[in-house]
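Novice: 3D model of this:
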Amino acid sequence: MDVRRTVIVGGGTAGTAAALALHKAGFDVAVYEAHPDSAEDIGAFLTLASNGMRALAQVDASTAVTATGFPLAAMRVLDASGAELAQVPLGEAGDPLLQYRCLRRGELNTALQREAEHRGIRIRHGARLASVEDGPDTVTAHFTDGSSATGDLLIGADGLNSTVRRSIAPTARPGYAGQYVFYGYTTRAPLTTRTDSACITMVRGSGAAFGCTVSPEGETYWFARVSGEALAADETAQGTPAHWQDLLLPLLRKDATPAADIVAATDDRILVTNATEMPLGTPWRSGRTLLIGDAAHAASPATGQGASMALEDAVVLAKCLRDAPDTVSALSLYETLRRPRVEHNITASGTISRSGGNPPPRPSPGQAAPAPRPGEDELIRLLDWDSDIWATSRQPDLG
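Specialist: From the prediction side, this is the model:
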């Protein structure tokens, strides 16, 4: 089962990053995206953590991504009274390539797609997947317009409601993680509510968890996570900004924090979604088909690691296919290396969402630092593009 040509279904963060990594590793790759364009106006904002930025650096995509958005060097945490609990550096703030970065999801996708096209990687927009035909020698993606694409390996990077996943695990569905999440943007936040540049403020509110940051241009990005029953699909589809403000503001006004004033100053740019997660143990692969990113291991947004985990996937997968003696061994190694880390994130993020709380603040200067997150030191080695991932990571039961 050699891989010469790879078909990637999904041109978002996971799929386009995988294309960049596989192209760098010497594979022929093509991306098929359902949306008719780069979708730069779609989606809420996100934060790329240092681990995600490290993955981007390994595929030489740092410059493309840092051309948009803005860095985050510090985080402060407020309680419901507005008192500051902590203010600490974020990640590896001293290294420009590894600084946290805040940007819109669509901006990230656009930056990655432009970089892929610059390298000669084929991206076809408007290709909506209908079915997958996985045969003994090849795998074929059939699209709703009657066209198809055949390769030696098909990577499903088509997100939370993955069509590719239905061909591997028809009964696997994302579940509600206990919170619905608001995202908004405003240029009208009162000056008294603005935070320092390159700092994100997290509020441990009594009725909602809230976070905000201000871009260098003075635009406030904010989110709020609210515990409760999942919102109905028709409500999320038809809700107006005024409706979302009516739902959210009474919760925020219980507290003496900037949150309510920021939301009240937001006119029409409010997005609401239910936080969802994939069940642990969801199958990722069958035959010549593999899931990555949210299609495989979507987590609630509470830890802010979704995009960074997808970027990690891309690098580790490309290295496994590059270094393993055969494709079956490569895919087995990939899953062995990735599943514990991403399922730890699903669990940790889901715990925060269901508890309605926030992660504890990081220690102030002079306090003892906590133990590193499981797998962090190992991750640095796994992402190092120049290391042989098969030679250094192979387990005895893998051959």
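
Novice: pLDDT weak spots in the stretch 101-250 of the chain?
Specialist: The model of the stretch 101-250 of the chain has pLDDT under 70 over residues 192-196.

Novice: quick check, residue 281 in a helix?
Specialist: No. Under DSSP: H, G, I helix; E, B strand; the rest coil, residue 281 sits outside any helix and is assigned coil.

Novice: the residue nearest to it when sequence neighbours are not counted: which element?
Specialist: Nearest residue to residue 281 in three dimensions, chain neighbours excluded: residue 343, at 8.0 Å (C-beta to C-beta, 6 or more residues apart in numbering). Every residue, glycine included, has its C-beta placed from N, CA and C. Element membership of residue 343, judged by DSSP states H and E, is helix 327-355.

Novice: same check on residue 312?
Specialist: Using DSSP H and E, residue 312 sits in helix 306-323.

Novice: quick one, strands of the stretch 151-300 of the chain?
Specialist: Taking DSSP state E, counting those that start in this stretch, the strands of the stretch 151-300 of the chain run over residues 153-156, 175-186, 199-204, 209-214, 220-227, 270-277, 285-286, 289-291.

Novice: possible to save those as JSON lines with distance to residue 25 and mean neighbour count?
Specialist: Formatted as JSON lines, those follow (distance: least, C-beta to C-beta, whole Å; neighbours: other C-beta atoms under 10 Å):
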{"stretch": "strand 153-156", "distance to residue 25": "12", "mean neighbour count": "29"}
{"stretch": "strand 175-186", "distance to residue 25": "34", "mean neighbour count": "22"}
{"stretch": "strand 199-204", "distance to residue 25": "34", "mean neighbour count": "21"}
{"stretch": "strand 209-214", "distance to residue 25": "35", "mean neighbour count": "24"}
{"stretch": "strand 220-227", "distance to residue 25": "35", "mean neighbour count": "23"}
{"stretch": "strand 270-277", "distance to residue 25": "30", "mean neighbour count": "21"}
{"stretch": "strand 285-286", "distance to residue 25": "19", "mean neighbour count": "17"}
{"stretch": "strand 289-291", "distance to residue 25": "15", "mean neighbour count": "27"}
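
Novice: next helix or strand past the helix holding residue 343?
Specialist: Following helix 327-355 in sequence, per DSSP H and E, is helix 376-383.

Novice: for that next one, buried residues please.
Specialist: Neighbour counts over helix 376-383 (16 or more other C-beta atoms under 10 Å) mark 379, 382-383 as buried.

Novice: out of the strands of the stretch 151-300 of the chain, the one nearest residue 335 is which?
Specialist: strand 285-286 (6.7 Å; C-beta to C-beta).

Novice: partners of the closest one in the sheet?
Specialist: strand 289-291 (antiparallel) (DSSP bridges).

Novice: mind listing residues that contact the strand it pairs with?
Specialist: Residues outside strand 289-291 that contact it (C-beta atoms under 8 Å, 6 or more residues apart in numbering): 132, 134, 139, 153-157, 162, 164-165, 167-168, 284-285, 317, 331, 334.

Novice: separate out the buried members of these.
Specialist: Of the contacts of strand 289-291, these count as buried by 16+ other C-beta under 10 Å: 132, 139, 153-157, 162, 164-165, 167-168, 284-285, 317, 331, 334.

Novice: chain center to stretch 231-251: distance?
Specialist: 24 Å (C-alpha atoms, centre = their mean, to the nearest Å).

Novice: who touches it?
Specialist: By C-beta under 8 Å, 6+ apart, stretch 231-251 touches 180, 182, 205, 207-208, 224, 226, 260, 263-264, 266-270, 272-274.

Novice: buried set for that stretch?
Specialist: 231, 239, 241, 244-245, 247-248, 251.

Novice: those residues into a markdown table, with extra columns for distance to residue 21?
Specialist: Compiled in a markdown table, those are given as follows (distance: C-beta to C-beta, whole Å):
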| residue | distance to residue 21 |
| --- | --- |
| 231 | 36 |
| 239 | 38 |
| 241 | 39 |
| 244 | 38 |
| 245 | 42 |
| 247 | 41 |
| 248 | 39 |
| 251 | 42 |
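
Novice: so which of these comes closest to residue 292?
Specialist: residue 231 (28.0 Å).

Novice: and the closest one, how far from residue 353?
Specialist: Between residue 231 and residue 353 the distance is 14 Å, computed by C-beta to C-beta, to the nearest Å.

Novice: same thing with residue 379?
Specialist: 23 Å.

Novice: next one: residue 20
Specialist: For residue 20, the distance to residue 353 - C-beta to C-beta - is 31 Å.

Novice: show me what residue 101 bridges to in the sheet.
Specialist: Assigned bridge partners for residue 101, using DSSP bridges, are residue 48, residue 71.

Novice: same deal with residue 142?
Specialist: residue 131, residue 148.

Novice: pull up the gap between it and residue 19, please.
Specialist: Following C-beta to C-beta, the distance that separates residue 142 from residue 19 is 20 Å.

Novice: so which of those two has more stuff around it?
Specialist: residue 19 (30 against 15; other C-beta atoms under 10 Å).

Novice: surely that one is in contact with residue 29?
Specialist: Yes. With contact defined as C-beta atoms under 8 Å, residue 19 reaches residue 29; the gap is 4.9 Å.

Novice: ends of stretch 182-198, what's the gap?
Specialist: Using C-alpha to C-alpha, to the nearest Å, the end-to-end distance of stretch 182-198 comes to 21 Å.

Novice: what's it in contact with?
Specialist: Counting by C-beta under 8 Å, 6+ apart, residues outside stretch 182-198 touching it are 44-45, 70-74, 76, 201, 212-214, 216, 218-226, 244, 248, 258, 261-263, 265-267, 269-273.

Novice: all set, thanks.
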